[in-house]
Structures are given as structure tokens and as C-alpha cells.
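> predicted model and sequence below, questions to follow.
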Amino acid sequence: MLQAPKYISGEEVEKLLDLKELLTSIETGLGNYSKGKDGGVVQPVRLVVPIEKHHGNLGVMPGYSSFEDALATKVVAFYPENKDLPTHQAWVLMQDPTNGSLNAIIDGGSITAIRTGIASAVATKHLANPNSHILTLLGAGVQARSHFKALLLLHKFDEVRIFSRTRASAQKLAKEIGKTAKVCSSVEEAVEDADIIVTVSFATTPILKAEWVKPGAHINAVGACRPDWRELESSLMQQSVVYCDSREACSQESGDVILSGCDIYAEIGEVINGEKLALWEKTTVFKSVGMAIEDVLSAKIVFDKYMRIGSTLAEK
């Protein structure tokens, strides 16, 4: 007889997901993905259903890892015009890989926020100058916060610069970060001499120019995950060494890659596996569109810990 699936809330996800543990897991998962069949990762490119009548999109992201024996599917709704509800709403369906039964429904918004920042941290670990001291966040929303927390695992920043279209949002984030934070009035001001730049904006046309970025900087390009959206101008993509999470996905989903006509030097997994070089002395771009394996591995950690700890977690 089928058991009712557990429901694991966003609050519980945040308590259960240890960032250091997740960084190790996702680093291994990205490496396994880039091994092809030998890596035991099975995931198609995200299926996107346009909801044109209501200006939204529905994405479906199934994935399986044979090494962890973990099976999950994320369903994510993206409605950029939402005012009273989040623009991104997501649920991860955790299934028993031995029989397909549904074990849990996990809040996918929290998993997406956390694992995306951690994936960028994995790339930053390999691609950024080890002596990086200045971080720039272009955007001041959920992903800016998650990236800041994830990157703190690697670097102690002397200065964290923030630019947002809404200055009040930048000021709010700066207050949360503390004395190292600086609110900037323009993208150019924010990225001048920055060692690590994170673009987590809602931009659909380029906001970051090559002439503003110092040689040897590392850029985590996270926004613009549709084929006709961009955050980085073509010359910046063409002049940088471009890495990605998935060649297949970025060649179909990333406007930064497609419209610039740039060459992708490597998947970050190939760097992790020692198959391609981490050219951190050059200007590098890590373009990520998000991968199901990141959701699968995050959900497995959450579910396994939840089953050990139980519902008493929410009471702590």
C-alpha cells in the first residue's frame, strides 16, 4: 500500500542543508555529469512549457544519479510579473528509485536558491584567483543572498559591492551583509577592479560590458536563462574563457552563449575531473542555467536527514 508522501517545507530545507556538505556533493555530481554514461547521471535538458496567456513558464527537470541512487523531478513555475507571489515557485518530487513511489514533496524554491549559489561556488573554487578580495553582486534578491553565503565558504571578502535597479533592495542587502558592503550607483562602479562578479539580475539585455571588467576577474553569470535573454555583452563573452554547467543545456537555453556566438571552453565538470584546465589567471565566465542533478543531490541530503531527524526538526 502506498504511503502518503512527506512534505518538507522551505524552513526545514534551510535547516537540513549544510552548505559545506552540499558543496562537496554538487562538485562530485558536476564531475560525474561530465563523465557521460560513466558518471551515472541521467538528465534531459529542461522541458519548458510557455504559459503565454499569463506571461509565465513551467519547467520540468527530472534527474537520476546511479551513484547516490537518487531520483527526483523539480517542477518550477516562473512568472516574472508576479507582485504578491514569488516570481519563482518550485517543488521537488523525491521518488524511490527502486519502485517509483513518491517519498516526499520538498519545497523547491529554497533548494533552487541554495544549490544555485553552491554550484557557482564550485566554479569559483576552481576558476577564481585564490587571492580574490572584492566581490560584486549585480542583483539584490534571493540569488544574491544565496551566492554571498556560498562564496563565503571560499573567500573572506574585504568589500562586497551591490548594484540593483531598485536602490532600496541593494541597501537592504547591504545592511544584512554588514560593514564590508557598499551600495553602488551603477554597474560600472560596482565592477571596477572586482575579483569576482556575480550577475543575478532579471536583465534581458546586456548590463555588463567587457571594458568594465578587469583582466583576470571571474564572473558567475546566473541570470538570463532563456535563449533570447542576456546579461553579458557579446565582446565580454568572446574575450573571456567560458565555462558552463552543461554544454547541451547552455547551447539551447543561454542567450549569453547563443547570441554572442562564443566558444565554450569546458564544462566545469571537466575541470573537476582534470580533463580541462582551470585558467583562473585569465578572465573567466561560468555560465549556469541550472541542472536537475543539483536538485536531485540537494533533495537527497534533505530527505535522508529528514528521515533520520523526523518532524521534530520544525520544533527546534
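Nice, I can see it.
> any stretches of the protein with poor pLDDT?
The chain contains residues with pLDDT under 70 at 310-316.
> any idea which helix is longest in it?
Longest helix of the chain, by residue count under DSSP state H: helix 108-127.
> now that one, how far from the centre of its chain.
The chain centroid and the centroid of helix 108-127 are separated by 4 Å under C-alpha atoms, centre = their mean, to the nearest Å.
> next secondary structure after that helix?
Using DSSP states H and E, the helix or strand that follows helix 108-127 in sequence is strand 134-138.
> partner strands of that following strand and their direction?
Taking DSSP bridges as the criterion, strand 134-138 pairs within the sheet with strand 159-163 (parallel), strand 196-199 (parallel).
> export the ones you listed to JSON lines and tack on distance to residue 185 and mean neighbour count?
All C-beta spots, glycine's among them, are computed from the backbone N, C-alpha and C. JSON lines is the format used below for the strands paired with strand 134-138 (distance: least, C-beta to C-beta, whole Å; neighbours: other C-beta atoms under 10 Å):
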{"stretch": "strand 159-163", "distance to residue 185": "8", "mean neighbour count": "22"}
{"stretch": "strand 196-199", "distance to residue 185": "17", "mean neighbour count": "27"}
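> just put those strands in CSV and tack on distance to residue 45.
Putting the strands paired with strand 134-138 into CSV (distance: least, C-beta to C-beta, whole Å) gives the following:
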stretch, distance to residue 45
strand 159-163, 31
strand 196-199, 22
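> out of those, which gets nearest to residue 104?
For the strands paired with strand 134-138, proximity to residue 104 was assessed by C-beta to C-beta; strand 196-199 is nearest, at 30.6 Å.
> quick one: name whatever helix or strand follows that closest one.
Assignment by DSSP H and E places the next element after strand 196-199 at strand 218-221.
> tell me the centre residue of this protein?
For the chain, the residue nearest the mean C-alpha position is residue 116 (2.1 Å; C-alpha atoms, centre = their mean).
> thought residue 290 was touching it, still the case?
Yes - assessed by C-beta atoms under 8 Å, residue 116 is found in contact with residue 290 at 6.2 Å.
> okay, and the beta partners of the closest residue to residue 108 other than its chain neighbours?
Counting by C-beta to C-beta, 6 or more residues apart in numbering, the nearest residue to residue 108 once its immediate chain neighbours are dropped is residue 90, at 2.8 Å. With DSSP bridges applied, residue 90 shows beta-bridge pairing to residue 76.
> list the contacts of residue 90.
Contacts for residue 90 (C-beta atoms under 8 Å, 6 or more residues apart in numbering) come out as 74-77, 107-109, 111-112.
> and if you look at residue 121?
Residue 121 sits next to 23, 147, 150-151, 153-154 when contact means C-beta under 8 Å, 6+ apart.
> what's the closest of the strands paired with strand 134-138 to residue 5?
Nearest to residue 5, of those and by C-beta to C-beta, is strand 196-199 at 34.6 Å.
> for the strands paired with strand 134-138, which one sits closest to residue 14?
Comparing the strands paired with strand 134-138 by their distance to residue 14 (C-beta to C-beta), the top pick is strand 196-199, with 20.2 Å.
> tell me which of the contacts of residue 121 fall in helices.
Checked against DSSP H, the contacts of residue 121 include these in helices: 23, 147, 150-151.
> most neighbours, which of the residues you listed?
Counting neighbours by other C-beta atoms under 10 Å, residue 147 comes out on top of the ones in helices among the contacts of residue 121 with 27 neighbours.
> hmm, that residue is touching residue 118, no?
No - if you go by C-beta under 8 Å, residue 147 and residue 118 don't touch, sitting 9.1 Å apart.
> what's the most distant pair in the contacts of residue 90?
Farthest pair in the contacts of residue 90 (C-beta to C-beta) is 77 and 111. Separation: 14.5 Å.
> so between those two, which is more surrounded?
With neighbours defined as other C-beta under 10 Å, residue 77 and residue 111 compare such that residue 111 has more, 29 against 19.
> buried ones in stretch 42-50?
Residues 42-43, 45-46, 48 are the ones in stretch 42-50 that count as buried (16 or more other C-beta atoms under 10 Å).
> max pairwise distance over the residues you listed: which two?
42 and 48 (19.2 Å).
> any idea how far residue 204 is from the closest residue to residue 226 other than its chain neighbours?
Nearest non-adjacent residue to residue 226, counting by C-beta to C-beta, 6+ apart: residue 255, 6.2 Å away. Distance of residue 255 to residue 204, given as C-beta to C-beta, to the nearest Å: 8 Å.
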